[in-house]
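# here's my sequence, what's the structure:
(chains A and B)
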Amino acid sequence: MSDAQLEARHLSRHFVVRTGHGLVRPKKVVRAVDDVSLSLHARRVTAVVGESGSGKSVLARMLARIVVPTSGELLLDGVTIPVDAPRTLGYTSDVQLVLQDPFASINPVHPIRHSLERPLIIHGTARAQIDERARATLARVSLDPPERYLDRYPHELSGGQLQRVSIARALCVNPKVLLADEPISMLDVSVRLGVLNLLRGLCDDEQLAVLYITHDIASARYIADETIVMYAGQVVEHSEGTALIDAPAHPYTQLLIASVPDPSDPLRRAPEIEDRTGQGQFPAEGCRFAPRCPHAMDVCRSTAPPLFEVTTGHESRCWLHEGAVPVVIDSRTRGGTTSST
Amino acid sequence: MEETVTTDVVVTESDTVLDIEDFCVDYGWGASAVRAVNHVNLSVRRSRVLGVAGESGSGKSTLVYAATRLLRSPGVISGGRVTLTFDDPTSVDAKRRTVDLLTASQSDLREIRWSQVSIVLQSALNALNPVLRIGHEFDEVLKTHRPGMKKAQRRERAGELLALVGLNADRLARFPHELSGGQRQRIMIALALALDPQLVIMDEPTTALDVVTQREIVNELAQLRARFGFSMIFITHDLSLLVELADDIAVMYAGNVVEWAPAGDLYNTPRHPYTLGLLNSSPPLSGERRELVGITGSPPDMSQPIAGCSFHARCPFALEKCSSQVPELRVLDDSGRKVACWLHDTPAEVPVALRRRAGEVVDDHAPPHEEEALR
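Model (predicted):
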């Protein structure tokens, strides 16, 4: 297995906000992403699961270098990128971001051709090749025949087709890493699988490293080779494959999975949530999930837990798993076990 | 979720709250009209939940907005009958009253709306006035519909309603933007219940919410229904959620009801290819990982006339006549299940996946969730 295409080490992003009313408004720091490390490998889909506000989109934007991290470092192909250096064309041609809402992220006043050709022009493709490259890219996302789509306007396409155009736009410049930020959440149920299968296929056939961000844990289970659960800006659970979905260790992951409607198991009940009003406000000390956690202990309220190894390749940020050795994700070398769907 | 909501209201077949007959809704007039709801027959029974499932553009929201006369121009009701039957609190002998909603006058509608039929919209942030405090919304409803109430009484009632949905009365002084999405949606539910209506319409109330919040709200709805016994129309695109919540489910596609069945039957033994495809479109949380196909193609363009069955272009089992003749919604079996599909005309030719009995596992197009429990 090759080394990581894109690696993030201890990436954090804190936002300073003013709270309250009046002239003197105290500053408050929102730790949107706190000390997140992950690595994206060719031919692997890494899924990041979390609720809104868990920092997963800020993470994607930091990896795309749209948002500047407060601290931490990024490594592209093993080369450290200074966080404060300007974003270069070289970086954007290697790392591309696909956004959630294709209706909002594709310019509505230009035909599809424009959206596909812009990145090619910016990245210096020879004029003569542009049309051919645009057509070839549409074929890669199964929009066949390309001439049926190239001169259409975004409003003439369905959501699923438009999201494929959005993926095609990202693929135009032949990136090594594709960051997909909730690519299916705005789409109709019946076309979601098509987009998921497309991402999986691109990852396998074109050696892409894919970061798949979602709030739908079932779709992560469907597509992922490695799964990360985020809560309040932190990685709370991480596993190779989908071990954390089949055997969740962290109470938050357990809650998340128990909350998914599953009519095949009518006797299943979601665990009671202790403190509902605590949502959105996270304690400054201790475990951030403690106010909502049914297993919270004294230590949880005073000291933030590190990641503990539950089983090989499966870590959980929870004191319940104390006794195992705390781990740092990025220091581990990964084996070549690529599971496939 | 709170299992099997039991209410002590006796439900009989004729005990219908809302009856929709042969209902048609168009957008636009004349030659450019687009048929959004096509000859739909549905009824909501007392204290029961009717689930309406479908993708965007299937006409599910248009159906309920038009049935409650909330549809705005260019939406046009072009045919059918919608009747609401309710216990009239104003009559002396508390008799059941039946009102034809499509011909009702504005003053009749004003009397019925909110006090008999209320609605919870998908986007609570857009439904609540951003410049008014939450308390004002409650006050306005109660002032309009319960003119006898004093200010202090209204305030007390608002506090009670918030307590019903698990919120503290101090939220009344807040503005919508100060609350989380889940809290806002709870306030919408509390507002909908303010006048103790007989029918509550929920238009994708949990679609914009996280799965944990969705779970809390769904559990709360089950408790509230057990307590007050109101009927509900629950609209969503999430069929698995609907199976948990609803008694009966109508699946809509391109303006037509393509299948109607009791919730469990619909989930365990789908009979329409679209229902089967929808169920197969959600990756399972348990069982072996394998590639799913779901439904190929995209939903039809409603502005173009569709010949034959609206689903035939995406249907894996389509017959020759599917592209030319429109199948009618017909009763299929003893459970009252209705399906609009030509496949069931010749029982011998029905694909295995669409004639499976409950519990029977068919390898090809197997049920989306395995039988075993999650943990």
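
# which helix or which strand is home to the closest residue in space to A:G50 that isn't next to it in sequence?
For A:G50, ignoring the flanking residues on the chain, the nearest one in space by C-beta to C-beta, 6 or more residues apart in numbering or on different chains is A:M230 at 3.7 Å. All C-beta spots, glycine's among them, are computed from the backbone N, C-alpha and C. Following DSSP states H and E, one finds A:M230 within strand A:226-231.

# could I have that strand exported to CSV, CA atoms only?
What follows is strand A:226-231, C-alpha atoms only, in CSV (Å, rounded to 0.1, in the frame of the first residue of the first chain):
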residue,chain,number,x,y,z
GLU,A,226,-12.1,3.4,7.1
THR,A,227,-14.6,5.2,9.3
ILE,A,228,-14.3,8.2,11.6
VAL,A,229,-17.0,9.5,13.9
MET,A,230,-16.8,13.2,14.9
TYR,A,231,-18.5,14.9,17.7
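
# any idea which helix or strand comes after it?
Counting by DSSP H and E, what follows strand A:226-231 is strand A:234-240.

# ok, residues contacting the next helix or strand after that next one?
Per DSSP H and E, the first helix or strand lying C-terminal to strand A:234-240 is helix A:243-246. Residues from elsewhere that reach helix A:243-246, judged by C-beta atoms under 8 Å, 6 or more residues apart in numbering or on different chains: A:217, A:220-221, A:227, A:229, A:237-238, A:250, A:253, A:257, A:311, A:313-314, A:316, B:285-286.

# swap in 7 Å and give it another go.
With C-beta atoms under 7 Å, 6 or more residues apart in numbering or on different chains as the test, helix A:243-246 has contacts from A:217, A:220-221, A:227, A:229, A:237, A:253, A:257, A:314, B:285.

# kindly report the same for stretch A:36-48.
With C-beta under 7 Å, 6+ apart, stretch A:36-48 has contacts from A:1-2, A:4-11, A:56, A:59, A:176-177, A:199-200, A:203-204, A:207-214, A:220, A:223-228, A:230, A:235, A:328-330, A:338.

# what average pLDDT does the helix or strand hosting A:V30 get?
In the assignment (DSSP H and E), A:V30 maps to strand A:27-40. Per-residue pLDDT over strand A:27-40 has a mean of 91.

# what residues sit buried inside that strand?
Buried residues in strand A:27-40, counted by 16 or more other C-beta atoms under 10 Å in any protein chain shown: A:30-34, A:36-40.

# direction included, what does the following helix or strand past that strand pair up with?
Once the chain leaves strand A:27-40, the next helix or strand it forms, by DSSP H and E, is strand A:44-49. Under the criterion DSSP bridges, strand A:44-49 sits next to strand A:209-214 (parallel), strand A:226-231 (parallel) in its sheet.

# dump these into JSON lines; add mean pLDDT as well.
Output for those, formatted as JSON lines (pLDDT from 0 to 100):
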{"stretch": "strand A:209-214", "mean pLDDT": "96"}
{"stretch": "strand A:226-231", "mean pLDDT": "96"}
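
# tabulate these (a markdown table), appending distance to A:A64 and mean neighbour count.
Shown next, in a markdown table, are the strands paired with strand A:44-49 (distance: least, C-beta to C-beta, whole Å; neighbours: other C-beta atoms under 10 Å in any protein chain shown):
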| stretch | distance to A:A64 | mean neighbour count |
| --- | --- | --- |
| strand A:209-214 | 10 | 26 |
| strand A:226-231 | 17 | 26 |
